[in-house]
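> Could you look at this predicted model? Sequence included:
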Amino acid sequence: MTTTENDINAAGVPAPGIRPRPVVDRLPRYTAGKPPVAIDGLQSYKLSSNENPFPPLPSVLEAISAHPNVNRYPDPLSTALRTELAAFLDVPAEDIVTGGGSLGALNQLLATFAGQNEDGVPDEVIYPWRSFEAYPISVGLAGARDVQVPLRADGHHDLDAMAAAVTGRTKMVLLCTPNNPTGPVLTRDGVESFLAKVPEDVIVVIDEAYEDFVRDPEAVDGVDIYRRHPNVVVLRTFSKGAGLAGLRVGYSISHPHLTQYLRVTAVPFAVSQIAEQAAIASLRHHSEIVERIQELVAERTRVVAGLKELGWEIPQAEGNFVWLNLGENTPEFAALAEQQALSVRAFGTEGVRVSIGEPEANTRFLALCATYTKGPRLS
């Protein structure tokens, strides 16, 4: 047997012929937002990861420092957090299953309900595209077949097309509201109409990672929908509004006929005791967090107004980001932003997502847009 250069590892030792599952070679690679480059004379700002630019509240930091016992395993059920969430959301604690961020909660759902069956035929999972870039990775790793339904030209879900895509193999549908990276929300009436077209044995997941920033009065409230539909699961997270992205704490809400299986497949100890206490403190000081979120919403309003004044057309922005439909000009704009010490999230030649950050960062972003002559259009 011969050894090629690719079979030699960094230590110069021949690597065995170990290969991953075939699906791994077919999966897209998740691309995290890059940090900004250092530019002399300019403060750098990261606008590429939809992070909350504010640190956790002082009371949350106190709660973190008060629990140094990281040598002990956390409560695998996150009982204290679920109890607090139950009171906060007015839902039964047994309907809540925690996970490592909302993505961790989604992976639990997929591992439990969607994959390859004993007959070798995979289940189907439908989701809009473009949407959260982890969706195809998570669906593929679960062993299911993904069915991507293109967004409408205005960045909204095409719910009619998604309903038409449902087959006898469909196990789950993912709805992302506000949609990441384009920004629009689903409406209450739109989701109700969609659910009326979907069989009750198909799980419909309402991913509300950015729900804290939504101000549209017609926007769907996932918790309200879950109360009336036994096949609906809601995903939420403390990463965005509460600013706990680095602690990885999220959760799903669904009825007991679903949670009974989710607890079987849940990753043990996925939420650390530090993350749990930080989330509890965030709930207990929710009014202070809302004040910070409102500052970001006000900045979002300013940015959107500034872009419209320039004649730029962007989709509805209900998250903590805006979407620039720049098409083939995407790499050029991202490079210009980098020269201004701003990191933004470029998606190939589709467009650029720009997070709402510190006021100074947002002002510099608008100044860049004012000098750019190839502003986006919705279609």
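Received, thanks. Because the structure is a prediction, the values reported are computed rather than measured.

> where does residue 298 land in three-state SS?
Look at residue 298: counting by DSSP: H, G, I helix; E, B strand; the rest coil, its state is helix.

> Give me the number of neighbouring residues for it.
12 (other CB atoms under 10 Å). Heads up, the C-betas are built off the backbone N, CA and C, glycines and all.

> what do you get for the one 5 residues further on?
Applying other CB under 10 Å, we find 23 other residues in the vicinity of residue 303.

> quick one, what contacts it?
Contact analysis of residue 303 by CB atoms under 8 Å, 6 or more residues apart in numbering lists 317, 322, 354, 356, 362, 365, 366.

> Need the per-residue pLDDT for residue 7.
Predicted confidence (pLDDT) at residue 7: the value is 59.

> my bad, residue 117
88.

> can you tell me how far it sits from residue 171?
As judged by CB to CB, to the nearest Å, residue 117 and residue 171 stand 9 Å apart.

> Just to be sure, residue 206 is in a strand?
Yes: Residue 206: assigned to a strand according to three-state DSSP.

> Would you check that it makes contact with residue 224?
No: judged on CB atoms under 8 Å, residue 206 makes no contact with residue 224 at a distance of 10.2 Å.

> Looking only at neighbour counts, state which of the two leads.
Between residue 206 and residue 224, counted using other CB under 10 Å, the more crowded position is residue 206 (25 against 13).

> mind listing what that one touches?
175, 177, 186, 191, 220, 222, 225, 226, 232, 233, 234, 235.

> Identify those among those residues that sit within helices.
The helices, defined by DSSP state H, take in 191, 222, 225, 226 from those.

> Show the contacting residues for the second one.
Counting by CB under 8 Å, 6+ apart, residue 222 touches 177, 206, 208, 211, 232, 234, 235, 236, 253.

> neighbours around the first one, how many?
For residue 177, the neighbour count with other CB under 10 Å is 28.

> So what's the residue count around the residue lying closest to it once chain neighbours are set aside?
When the adjacent residues along the chain are set aside, residue 177 lies closest to residue 186, with 4.2 Å between them (CB to CB, 6 or more residues apart in numbering). For residue 186, the count of nearby residues is 26 (other CB under 10 Å).

> quick one: the strands in the chain?
For the chain, strands defined by DSSP state E occupy the ranges 45-47, 96-99, 124-129, 145-150, 170-176, 203-207, 232-237, 250-253, 321-324, 342-347, 351-355.

> Among those, which comes closest to residue 33?
strand 342-347 (5.1 Å; CB to CB).

> Just want to know which of residue 117 and residue 171 has more residues nearby.
residue 171 (21 against 13).

> wait, doesn't the more buried one sit right on residue 125?
Yes: contact criterion CB under 8 Å: residue 171 and residue 125 qualify, at 6.4 Å.

> what is in contact with those two at once?
Common contacts of residue 171 and residue 125 (CB under 8 Å, 6+ apart): 114, 144.

> Residue 367 - how many residues pack around it?
The number of residues packed near residue 367 is 12, by other CB under 10 Å.

> hmm, back to that, could you tell me which residues touch both of residue 117 and residue 171?
residue 123.

> and residue 319, what are its phi and psi?
phi -100, psi -160 (degrees, to the nearest 10).

> Point out where this structure drops to low pLDDT.
For the chain, the stretches flagged by pLDDT under 70 are 1-11, 14, 30, 378-379.

> For it, just list every one of the helices.
Using DSSP H, the helices of the chain run over 22-26, 58-65, 79-89, 101-113, 134-142, 159-164, 188-197, 222-228, 256-265, 273-284, 286-309, 330-339, 359-371.
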